[in-house]
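J.: Sequence plus the predicted model coming up.
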Amino acid sequence: MSAVLNQLTPNAHSRILGTGSYRPDVVVTNEDVCQWIDSSDEWIQQRTGIVTRHRADENTSLLDMCENAGRSAISDAGLEPDQIGAVIVATVTFPHATPSAAAAVADRLGLTPAPAYDISAACAGYCYAVAQADALVRAGLAQNVLVIGAEKLSDYIDNHERTISFLLGDGAGAVVVGASDTPGISPSVWGSDGGKWSAIGMTHSQLELRDVVLDAEQATAGDSVMASSEAKLWPTLRQDGQTVFRWAVWEMAKMARKALEDAGIQASDLAAFLPHQANMRIIDEMVKQLKLPESVLVARDIAENGNTSSASIPMAMDRLRREHPEVSGGLALQIGFGAGLVFGAQVVLLP
């Protein structure tokens, strides 16, 4: 007779137990941005809704921001470090391909030996991470999972680039997903459209930079050549704005409606709408297409914080909870979308 393998005891459901966020101290205004690009405060506000964006100084690392947001979320959840069973960090701006940001964050927060790993899904990264955290908890692999979305996009900005640089900010947001007796996270709607892979990306790959630096090191001109080559080929962000805007407005509204349908609720059942803070016009158009009633609070954190990629939704959620405590215990639709092109959405019960 063959042996029977032991199985983990699953949890019936999961929910978000706590939130946290970190916003860097440096505030960059539209007037500051216009020093680098030929634009105006009026044009930037009309096209994007952005008034300011927060950016980290050179002494503040991505790990610093993760640590602050993660610590706040664990405290808000009323948990101790040894109660965190896994750590997921969503980011595309950690400067090391390996080891992961998550492993370092777990150590800083005293969460060792919790498993820890990063995921790269750009502006949908947080929603991807929530989908995974929900699955880990319900499978019994962890009772509580720390999810962090964090970006230091300023490290990958060419201030003179006009398609995306003026949109971007830095920051970190975090949630703790834990076991629940009742459903607190709906089935995730997520996917990708790799046919538009080039719509958002970087000017150069790190391999191209490596090759140029190696050539420069061999050049007779010395260090000045290498420094010049590095400056020209350091990977910076750019996008095809029109392609991204059309895709976000028309296709993501469909995914948001599907998330509501899969959750078994109507738009009128929501207390809040937490879209990725990509562009105020995209947010406003999605609100119209979803026919959200005025009773639904809509996160518009982008006005003060810019587009922070994977950090934008958890940062906006944390702010919304603190400014509008009446939404506690209500339902929120969250949807992230960005480079890949990738998307993810869920309906969640707010702590």
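T.: Received the coordinates, thanks.
J.: List phi and psi for the nearest residue to T236 once chain neighbours are set aside.
T.: Nearest residue to T236 in three dimensions, chain neighbours excluded: D158, at 4.1 Å (Cβ to Cβ, 6 or more residues apart in numbering). For the C-beta atoms, the positions are set from N, CA and C on the backbone; glycine is no exception. Main-chain dihedrals, D158, degrees, to the nearest 10: phi -100, psi 110.
J.: Going by neighbour count, which residues of the host helix or strand of F245 are buried?
T.: Assigned by DSSP states H and E, F245 belongs to helix 241-246. Of the residues in helix 241-246, G241, V244, F245 count as buried by neighbour count, 16 or more other Cβ atoms under 10 Å.
J.: what's the distance between the residue nearest to the second one when sequence neighbours are not counted and V342?
T.: Setting aside the residues directly before and after it, V244 is nearest to A199 in space (Cβ to Cβ, 6+ apart), at 5.3 Å. Look at A199 and V342: by Cβ to Cβ, to the nearest Å, they are 11 Å apart.
J.: E294 now?
T.: Here E294 is placed at a distance of 31 Å from V342 (Cβ to Cβ).
J.: When those two are compared, which one has more neighbours?
T.: V342 (24 against 6; other Cβ atoms under 10 Å).
J.: Got phi/psi on S205?
T.: Note on S205: backbone dihedrals following degrees, to the nearest 10 are phi -90, psi 160.
J.: Could you look up the SS state of the closest residue to it other than its chain neighbours?
T.: With sequence-adjacent residues excluded and distances taken as Cβ to Cβ, 6+ apart, S205 is closest to P235, at 6.7 Å. Following DSSP: H, G, I helix; E, B strand; the rest coil, P235 is assigned to coil.
J.: So what's the residue count around P235?
T.: Applying other Cβ under 10 Å, we find 16 residues neighbouring P235.
J.: following the worst-scoring helix or strand of the chain on mean pLDDT, which helix or strand shows up next?
T.: Lowest mean confidence among the helices and strands of the chain (mean pLDDT, DSSP states H and E): helix 223-233, at a mean of 53. Of the helices and strands lying after helix 223-233 in sequence (DSSP H and E), the nearest is strand 237-239.
J.: Strands of this structure, residue ranges please.
T.: In the chain, the strands defined using DSSP state E lie at 13-22, 26-29, 52-55, 86-90, 116-119, 144-152, 170-180, 189-192, 200-202, 237-239, 272-275, 297-298, 331-338, 342-349.
J.: highest average neighbour count across those?
T.: Across those, averaging neighbours per residue (mean count of other Cβ atoms under 10 Å) puts strand 144-152 on top, at a mean of 31.
J.: Determine the set of other helices and strands touching that one.
T.: In terms of contacts (3 or more Cβ pairs under 8 Å, 6 or more residues apart in numbering; DSSP states H and E), strand 144-152 is packed against helix 62-76, strand 86-90, helix 101-108, helix 125-139, strand 170-180, helix 312-323.
J.: of those, which approaches K254 most closely?
T.: Closest to K254 of those, according to Cβ to Cβ: helix 125-139, at 15.6 Å.
J.: That closest one to strand 331-338, inter-axis angle?
T.: On the basis of axes from the mean of the first three to the mean of the last three Cα atoms, to 10 degrees, helix 125-139 is oriented at 120 degrees to strand 331-338.
J.: and helix 125-139, average pLDDT?
T.: The predicted model assigns helix 125-139 a mean pLDDT of 98.
J.: Also stretch 105-112?
T.: Stretch 105-112 comes out at a mean pLDDT of 98.
J.: Please apply the same query to stretch 313-329.
T.: Taken as a whole, stretch 313-329 has a mean pLDDT of 97.
J.: Centre of the chain to it, how far?
T.: Relative to its chain's centre, stretch 313-329 lies at 16 Å (Cα atoms, centre = their mean, to the nearest Å).
J.: List the buried residues of that stretch.
T.: For stretch 313-329, the neighbour count (16+ other Cβ under 10 Å) marks I313, P314, M315, A316, M317, D318, R319, L320, R321, V327 as buried.
J.: neighbours of A199, just the number please.
T.: Quick note: A199 (other Cβ under 10 Å) scores 19 neighbours.
J.: whoops, I mixed them up, C127
T.: For C127, the neighbour count with other Cβ under 10 Å is 32.
J.: now W197
T.: Neighbourhood size, W197 [other Cβ under 10 Å]: 13.
J.: Right, I'll leave it there.
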